[in-house]
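Chemist: dropping a prediction and its sequence here:
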Amino acid sequence: MTPYLINSYEGIGPKPTSSDYLVRSSLNQGRAQIHSANFSAKLLLTGSETYTSASNRFALGSGQFLLTAPSESFELTIESYAKGCCFYFDPNRVSRLMSEVLSEDIEGGSDDVPDVKTIRLPIRGSQVGLLMQAVANNRLDADADVLATYLAEHIIYLANLSANLPCKRASTRQELLARLEVARTYIVDSGSHHLSLTDIEQASCLSRFHLIRSFTNIYGVPPLRFHQNLKLDIAKKQIKAGVPQTVVAEELGFSTVSSFSRAYRRRHGYSPSEDQ
């Protein structure tokens, strides 16, 4: 992907000759109108930005990226200084890749691809977010084919999750999905550390009722069971590596070895001693 650098609100110069490119920006306080026919993913490294469209407002902070639908117009507002990296993708390429991912016959493709809705997501919640972060921090070269493929897969993943939410308004569904992805990412990042529902509520800005009900709808289990399953997956690796059950149970916060063994059997279908 061809990189372009901007440090003013006058726009990109010279005009990009490729439909897949990235823009590195270093901008002081100001405002600008943004419109692109491409898919775009706006990733912030420092500072804060606000994107306002006719129907939505997204405050973007570090650790987040904004996936925007093609041809959606925004007003960008920066209150102080912000440094970021914006990735632009050919919508035809991404649609074709989505079609191939969805199709049982890769060569035939599928026309039933999901519509892309603008959504703010945690960077660490997806492979495409982590790859873009690596590119933005100059740890990885920008490969348009790789990034577009992961983007197409993630759009399909989000569409499948969204289909399980009961919200009638599309904007409400997108905001709820975004907060649930924050909750999921927060749980995954916590690893084997202790978590409470209050911790997850605060991280996702969701009430306990909406958090438990909606999280269960789209991920299949309540948030604390989701976290326990992750810990039990960690436990499986440790048990197979020969770590004693007593040590694993204590490290993962189980009160007794027997409670750990019951949870392990429920998760994996057999006892830890059989794995060991």
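Modeler: Okay, I see it. Quantities reported herein were computed from a predicted structural model and do not represent experimental measurements. Numbering: from 1, shown residues only.
Chemist: all contacts plus neighbour counts: C-alpha atoms, from now on.
Modeler: Fine.
Chemist: after whatever helix or strand Ile218 lives in, next one along is what?
Modeler: Assessed by DSSP states H and E, Ile218 sits inside helix 208-219. Per DSSP H and E, the first helix or strand lying C-terminal to helix 208-219 is helix 223-240.
Chemist: what are the contacting residues of that next one?
Modeler: With contact meaning Cα atoms under 8 Å, 6 or more residues apart in numbering, helix 223-240 is reached by 184, 187-188, 191-192, 195-197, 211-212, 215-216, 245, 248, 252, 263-264, 267, 272, 275-276.
Chemist: swap in stretch 76-88?
Modeler: 19-34, 38-52, 136.
Chemist: for the nearest residue to Glu72 once chain neighbours are set aside, list the residues it contacts.
Modeler: With sequence-adjacent residues excluded and distances taken as Cα to Cα, 6 or more residues apart in numbering, Glu72 is closest to His35, at 6.2 Å. Neighbouring residues of His35 by Cα under 8 Å, 6+ apart: Ser71, Glu72, Ser73, Phe74.
Chemist: and the second one, what pLDDT?
Modeler: Same thing as Glu72. With respect to pLDDT, Glu72 scores 88.
Chemist: hmm, back to that, just the buried subset of the contacts of stretch 76-88, please.
Modeler: If you count burial by 16 or more other Cα atoms under 10 Å, the buried members of these come out as 19-28, 31, 38-45, 47-52, 136.
Chemist: which strands or helices does the helix or strand bottoming out on mean pLDDT in the chain pack on?
Modeler: Each helix and strand of the chain was given a mean pLDDT (mean pLDDT, DSSP states H and E); the minimum falls on helix 272-275 at a mean of 78. With contacts taken as 3 or more Cα pairs under 8 Å, 6 or more residues apart in numbering; DSSP states H and E, helix 272-275 sits against helix 223-240, helix 257-268.
Chemist: in the chain, which helix has the most residues?
Modeler: Longest helix of the chain, by residue count under DSSP state H: helix 170-190.
Chemist: so for that one, what gets flagged as buried?
Modeler: Those would be 173-188, for helix 170-190 by 16+ other Cα under 10 Å.
Chemist: contacts for that helix?
Modeler: Taking contacts as Cα under 8 Å, 6+ apart, the residues outside helix 170-190 that touch it are 56, 117-122, 124-125, 161-162, 165-167, 195, 200-201, 203-206, 211, 214-215, 223, 227, 230.
Chemist: those residues in helices, which ones?
Modeler: Secondary structure assignment (DSSP H) places Leu161, Ser162, Ile200, Glu201, Ala203, Ser204, Leu211, Ser214, Phe215, Pro223, His227, Leu230 from the contacts of helix 170-190 within helices.
Chemist: need the contact list for the third one.
Modeler: Pointing back at Ile200 there. Counting by Cα under 8 Å, 6+ apart, Ile200 touches Ala183, Tyr186, Ile187.
Chemist: tell me the spacing between it and Thr2.
Modeler: Distance of Ile200 to Thr2, computed by Cα to Cα, to the nearest Å: 39 Å.
Chemist: same check on the first one?
Modeler: As for Leu161, its distance to Thr2 is 33 Å (criterion: Cα to Cα).
Chemist: the two: which has the busier surroundings?
Modeler: Neighbour totals were compared for Leu161 and Thr2, and Leu161 leads with 17 against 14 (other Cα atoms under 10 Å).
Chemist: what's the burial count for the spatially closest residue to Val248 that is not a sequence neighbour?
Modeler: Nearest residue to Val248, sequence neighbours excluded (Cα to Cα, 6+ apart): Ala235, at 6.3 Å. Counted with other Cα under 10 Å, the neighbours of Ala235 add up to 22.
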